[in-house]
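# Sequence and predicted structure are below.
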Amino acid sequence: MKSAGWLFLSVIISMTNQQTAQSAAVPAHVSNGFHFVIRAPLSRAAPLFGPEGERCWAGQHWNPQFLYPQPGKDIEGAVFTVQRGAETSVWVNTLFDPEGGRMQYVSFVPGIHVFTVDVRLTPLDSSSTSVEVTYARTALNVGANDEVQTLGNLDRESGPHWQQAIESCLAAQR
């Protein structure tokens with residue numbers, strides 16, 4: 001009886017190890033978001049979420065190089081690249097509706113990962129705007145799973161940084 005129990009337990013352990021190995025062989029996908037409020041009307045806040053407008057608050061690493069349009073400007077359909085370290089990401093602005101408070105981007109680093117950034121702005125009153133940002137990231141190979149997981153965790157924690165940087169940008173524009 002004891003040997004049958006051990007045999008059963010070994011089969012269960014073997015099946016669990018196989019399932020773990022199979023799930024590890026699947027490219028990772030994570031979706032995370034954050035929310036904050038900025039002290040600015042929608043008409044002033046929305047332009048800060050285009051690739052050009054973001055230069056004011058996103059830091060030195062954000063330097064989009066426009067492929068379309070030329071010269072570069074914040075429009076739906078814009079295509080640009082961003083260099084960060086050794087990686088070059090390609091970005092496509094798939095939705096740019098400042099009046100409606102919606103922006104969406106698809107970006108990818110060839111062979112590593114692809115992600116979307118969805119931005120929703122909602123006016124709360126005449127002087128403040130709610131900002132909701134959602135990132136969805138997918139590894140293009142299992143070797144990028146750790147990077148996708150790490151970036152996903154950073155995405156979730158980015159709200160306070162974005163809020164402070166945007167508020168600083170708005171104060172400098174006054």
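Sure, I can see it.

# how about residue 98, what does it touch?
Listed by Cβ atoms under 8 Å, 6 or more residues apart in numbering, the contact set of residue 98 reads 43, 46-47, 49-50. Every residue, glycine included, has its C-beta placed from N, CA and C.

# again with residue 106
Residue 106 makes contacts with 91-92, 94, 114-116, as judged by Cβ under 8 Å, 6+ apart.

# From residue 137, how far off is it?
11 Å (Cβ to Cβ, to the nearest Å).

# repeat for residue 95
18 Å.

# about what we covered before: quick one: which of the contacts of residue 98 sit in helices?
The helices, defined by DSSP state H, take in residue 43 from the contacts of residue 98.

# would TSV of the contacts of residue 98 with distance to residue 155 be doable?
Output for those, formatted as TSV (distance: Cβ to Cβ, whole Å):
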residue	distance to residue 155
43	27
46	21
47	22
49	15
50	19
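
# In PyMOL, select just the buried ones from the contacts of residue 98.
Here is the PyMOL selection string for the buried members of these, based on 16 or more other Cβ atoms under 10 Å:
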select buried, resi 46+49+50
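
# Let me know the closest of the contacts of residue 98 to residue 125.
Checking those against residue 125 with Cβ to Cβ, the nearest one is residue 43 at 13.0 Å.

# What average pLDDT does stretch 132-145 get?
For stretch 132-145, mean pLDDT rounds to 97.

# Would you mind listing the outside residues contacting it?
24-35, 108, 110-122, 147-148, 151-152, 155, 158-159, 162.

# Out of those residues, which sit inside helices?
The helices, defined by DSSP H, take in 24, 147-148, 151-152, 155, 159, 162 from the contacts of stretch 132-145.

# What is the nearest of these to residue 172?
Relative to residue 172, the closest of the ones in helices among the contacts of stretch 132-145 is residue 162; by Cβ to Cβ it sits at 15.7 Å.

# hmm, back to that, which among the contacts of stretch 132-145 count as buried?
Buried by 16+ other Cβ under 10 Å: 28-30, 32-34, 113-121, 147-148, 151-152, 155, 158-159, 162, out of those.

# so residue 124 is in which element?
Assigned by DSSP states H and E, residue 124 belongs to strand 113-125.

# Quick one: list the elements packing against that strand.
Taking 3 or more Cβ pairs under 8 Å, 6 or more residues apart in numbering; DSSP states H and E as contact, the helices and strands that strand 113-125 lies on are helix 42-45, strand 102-109, strand 128-139, helix 145-156.
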